[in-house]
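S.K.: Next one to model:
(chains A and B)
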Amino acid sequence: MISGRTLGQGVACESKMSREFFKATSLCSISEKDYKSLGITQGKNVLITSLFGQAVLSAHSNPGLPPGITFIPMGPWANALVGPDTGGCGTPQFKGVEVNIEATDDPVLEIRELFRDMEMVKA
Amino acid sequence: MNHEDVLCSFCGCLCDDIVVEVEQDQIKRVRHACRLGASKIMGHERIRGPMIRRNGVLTEATYQEAYDRAAEILQSARHPLLYGWASTVCEAQKIGILLTEEVGGVIDSTATVCHGPSIIGIEEKGLSGATLGQIKNRADLIVFWGCNPAEAHPRHTLRYSSNACGRFTPEGRAGRKVIVVDVRETKTSKNADKFVRINPGEDYQVISALRMLLAWKGDLVPDEVGGISKKDLSEVIDTMKEAAFGVFFFGLGMTHSRGRYKNIDNALSLVNELNAHTKFIVMPMRGHYNVAGIGQCAAWETGFPMSIDFARGSAYFNPGETSACDVLSRREVDAALIAAADPASNFPRQIVESLARMPVVQIDPYENPTTLIADVVIPSAIAGIEAEGTAYRMDGLALRMKKLIKSPFPSDEEILKGILDSVRLLRGCKEKSREA
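M.R.: All right, here's what the predicted structure looks like:
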């Protein structure tokens, strides 16, 4: 998994509680080959799991991606999969995270739901 | 009224040709900006007033109450973290550094999850640099390595690099060669003369192979490195050597991947060695509009560019030990002030969970996930739109940002001064009570 900037993520990044930000960042791109082999249909969600966490995202096929790579716009959904280790330089490895992808019927969590457990700590 | 030559306060390009139409202190129209800049300048839903968490719920407060509560949190903490700073002006950053020193905390910027590895690489190897103006006017080869300006810095190519028309580059794109190195096709790679697809996490090996070819040790380079054939590698290095003025722009594809600062270290060496053949410079594609500014401010105030710990009473810098993500994941800090950033969205989730467990003060114009875990929320004027100040472009050029409209909110600088005053009052009271 690699995460990074997109135009849509950038446009909405000062309004992160908006629907626009949700739509721009709670998705992943998968190569056409992987999309077919995973049996995903258009509009279907995927469960992505890494050693560090998991996230449900809407899946999109992208012909510009080589097989074996998924791209997620930077944001809290992508960061659910990134580990805390900084390799001694202060920066976590936001790109090149090993993940498992499977189709799911679970819904993508809205941004407030994503942080519900942390809000509970405050309450 | 029209404001001409406005600086855009979104990305490190700091485009300085924006026209903003204002009527009755409201922004009506933005011209010349890209979608990112226009979206920011036109504005979004704001936090309406200061809030303090009481009985688990964020409730309204006055600014003075918020400053006092923030000061209590910072002053009573054993080791607070003061993080963010990339989306505000240098005048606020200076107060932030002073406040950190006053409370014996650790200060870090968003560079730490962005181009922090670039800064470490530059400290190790030095950087052969230029201004964006020199690049626009002189460069005939542009390399974009692990970056996608078409989406992250949309006007970069037209104003400063591959497609810009300059004094000695009147033909613009037609007079330049463009090489894009990335793990995937991007909008930027569609503009390239040569797109080189590299295997993820193998930048270091590929740069090493290019250095070998440059040093006439090509016979030791395997037929394929990082998914790239030796023929393609030779073509890339020949194009680099043949350029009259080459530029190596790099992005988070290098700093966020395996190797991190070592990738940068190696790229800087490659550029250094290319200068034995021709003029070549290298530049990180800085993200936030003043992330370069906090590096400059911190360097002249403390001697270090980021991740600075004042717990010992003097500035101490050791990325990997004193960086925000490290002190949070090791739970070495027990309170946080977040200014002009949103770590809840941009840090790995496990680190955000650590942050949520401690008292958090947020200074920001907008509600974001960090607001959800904050205990004190202090809304601020938007720097570069509602407050003036200095910002540094990605090439290190300092530029002055204008105030375009009045704001009902205080600036980041005023807020930080308010908190600093409250901290000093608290410390004074403590010292007086000790004397008594």
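S.K.: Please report how far the residue in the stretch 251-400 of chain B positioned nearest to chain A lies from residue B:309.
M.R.: Proximity to chain A, evaluated over the stretch 251-400 of chain B using C-beta to the nearest C-beta, is greatest for residue B:323 at 2.8 Å. C-beta here means a position set from N, CA and C on the backbone, and glycine is covered the same way. Here the criterion is C-beta to C-beta, to the nearest Å. By it, residue B:323 lies 10 Å from residue B:309.
S.K.: Give me the more crowded residue out of the two.
M.R.: Taking other C-beta atoms under 10 Å in any protein chain shown, residue B:323 and residue B:309 do not tie; residue B:323 has more neighbours (28 against 25).
S.K.: I figured residue A:99 was touching residue A:1, is that so?
M.R.: Yes - checked against C-beta atoms under 8 Å, the pair residue A:99 and residue A:1 is within contact range at 4.5 Å.
S.K.: didn't the residue of the stretch 251-400 of chain B closest to chain A look like it was pressed against residue B:307?
M.R.: Yes - the pair residue B:323 and residue B:307 qualifies as a contact (C-beta under 8 Å) at a distance of 4.4 Å.
S.K.: which residues are common contacts for those two?
M.R.: Overlap between the neighbourhoods of residue B:323 and residue B:307 consists of A:90, B:108, B:112, B:116, taking contacts as C-beta atoms under 8 Å, 6 or more residues apart in numbering or on different chains.
S.K.: what distance separates stretch B:89-108 from the centre of its chain?
M.R.: Distance, stretch centre to chain centre, for stretch B:89-108: 17 Å (C-alpha atoms, centre = their mean, to the nearest Å).
S.K.: now stretch B:46-59
M.R.: Averaged C-alpha coordinates place stretch B:46-59 at 28 Å from its chain's average position (C-alpha atoms, centre = their mean).
S.K.: Can it be said to contact chain A?
M.R.: Yes - under the criterion of C-beta under 8 Å from any C-beta of the partner chain, chain A is reached by stretch B:46-59 at B:53, B:56, B:57.
S.K.: what does stretch B:261-281 give?
M.R.: Yes - where contact is defined by C-beta under 8 Å from any C-beta, part of stretch B:261-281 touches chain A, namely residue B:261.
S.K.: Any buried residues in that stretch, and which?
M.R.: Burial within stretch B:261-281, assessed by neighbour count using 16 or more other C-beta atoms under 10 Å in any protein chain shown, is assigned to B:261-272, B:274, B:279-281.
S.K.: what does stretch B:92-111 give?
M.R.: In terms of neighbour count (16+ other C-beta under 10 Å), stretch B:92-111 has its buried residues at B:92-97, B:99-111.
S.K.: Out of these, list just those in helices.
M.R.: Judged by DSSP state H, these include B:92, B:93, B:94, B:95, B:96, B:97, B:99, B:100, B:101, B:102, B:103 as members of helices.
S.K.: Tell me who's in contact with the residue nearest to the spatial centre of chain A.
M.R.: Nearest to the centroid of the C-alpha atoms of chain A, with distances taken as C-alpha atoms, centre = their mean, sits residue A:78, at 3.5 Å. When contacts are counted by C-beta under 8 Å, 6+ apart, residue A:78 touches A:1, A:3, A:25, A:55, A:72, A:94.
S.K.: Got phi/psi on the closest residue to the fourth one other than its chain neighbours?
M.R.: Distances taken as C-beta to C-beta, 6 or more residues apart in numbering or on different chains put residue A:80 closest to residue A:55, at 4.3 Å, once the chain neighbours are dropped. Comment: the main-chain dihedrals of residue A:80 come out as phi -70, psi -20, following degrees, to the nearest 10.
S.K.: hey, which helix or strand in the chain has the poorest pLDDT?
M.R.: In the absence of a named chain, this looks at chain A. helix A:116-122 (a mean of 85; mean pLDDT, DSSP states H and E).
S.K.: To clarify, I was referring to chain B.
M.R.: With mean pLDDT, DSSP H and E as the measure, the helix or strand of chain B carrying the lowest mean pLDDT is helix B:412-435 (a mean of 87).
S.K.: Residue B:243 - how many residues pack around it?
M.R.: Other residues near residue B:243 come to 21 when the count uses other C-beta under 10 Å.
S.K.: do the same with the one 3 residues further on
M.R.: Counted with other C-beta under 10 Å, residues neighbouring residue B:246 total 26.
S.K.: Can you tell me the element it falls in?
M.R.: Element membership of residue B:246 [criterion: DSSP states H and E] is strand B:245-250.
S.K.: Which strands or helices does that strand pack on?
M.R.: Helices and strands touching strand B:245-250, by 3 or more C-beta pairs under 8 Å, 6 or more residues apart in numbering or on different chains; DSSP states H and E, are helix B:132-138, strand B:141-145, helix B:261-274, strand B:279-284.
S.K.: Could you tell me which strands the shortest one is paired with, and in which direction each runs?
M.R.: By that I understand strand B:141-145. Next to strand B:141-145 in the sheet, as set by DSSP bridges, lie strand B:177-182 (parallel), strand B:245-250 (parallel).
S.K.: quick one: the host helix or strand of residue A:60 to chain centroid distance?
M.R.: Here residue A:60 sits within strand A:54-61, counting by DSSP H and E. Its chain's average C-alpha position is 6 Å from that of strand A:54-61, according to C-alpha atoms, centre = their mean.
S.K.: try stretch B:170-183
M.R.: Counting by C-alpha atoms, centre = their mean, stretch B:170-183 comes out at 25 Å from the chain centroid.
S.K.: any idea of the mean pLDDT for it?
M.R.: Computed over stretch B:170-183, the mean pLDDT rounds to 97.
S.K.: ditto for stretch B:246-259
M.R.: Rounded to a whole number, the mean pLDDT of stretch B:246-259 is 96.
S.K.: ends of it, how far apart?
M.R.: Separation of the first and last residues of stretch B:246-259 by C-alpha to C-alpha, to the nearest Å is 24 Å.
S.K.: list the buried ones in that stretch?
M.R.: Under the neighbour-count criterion of 16+ other C-beta under 10 Å, stretch B:246-259 has B:246-257, B:259 buried.
S.K.: Please apply the same query to stretch B:148-168.
M.R.: B:148-164, B:166.
S.K.: now swap in stretch B:164-181 and tell me
M.R.: Residues of stretch B:164-181 classed as buried: B:164, B:166, B:169, B:173, B:176, B:177, B:178, B:179, B:180, B:181 (neighbour count, 16+ other C-beta under 10 Å).
S.K.: which residues touch that stretch?
M.R.: Contacts made with stretch B:164-181 from outside it, assessed by C-beta under 8 Å, 6+ apart, are listed as B:135-146, B:157-158, B:162-163, B:186, B:188-189, B:191-196, B:198, B:206, B:236, B:239, B:243.
S.K.: if you set the cut-off to 7 Å instead, what comes out?
M.R.: When contacts are defined by C-beta atoms under 7 Å, 6 or more residues apart in numbering or on different chains, stretch B:164-181 is touched by residues B:136-146, B:158, B:162-163, B:188-189, B:191-196, B:198, B:236, B:239.
S.K.: same thing with stretch B:320-332?
M.R.: Everything outside stretch B:320-332 that qualifies as a contact, by C-beta under 7 Å, 6+ apart, is A:84, A:86, A:88-90, A:92, B:79, B:81, B:83, B:106, B:108, B:112-113, B:116, B:307-309, B:316, B:333, B:347, B:350-351, B:354-355.
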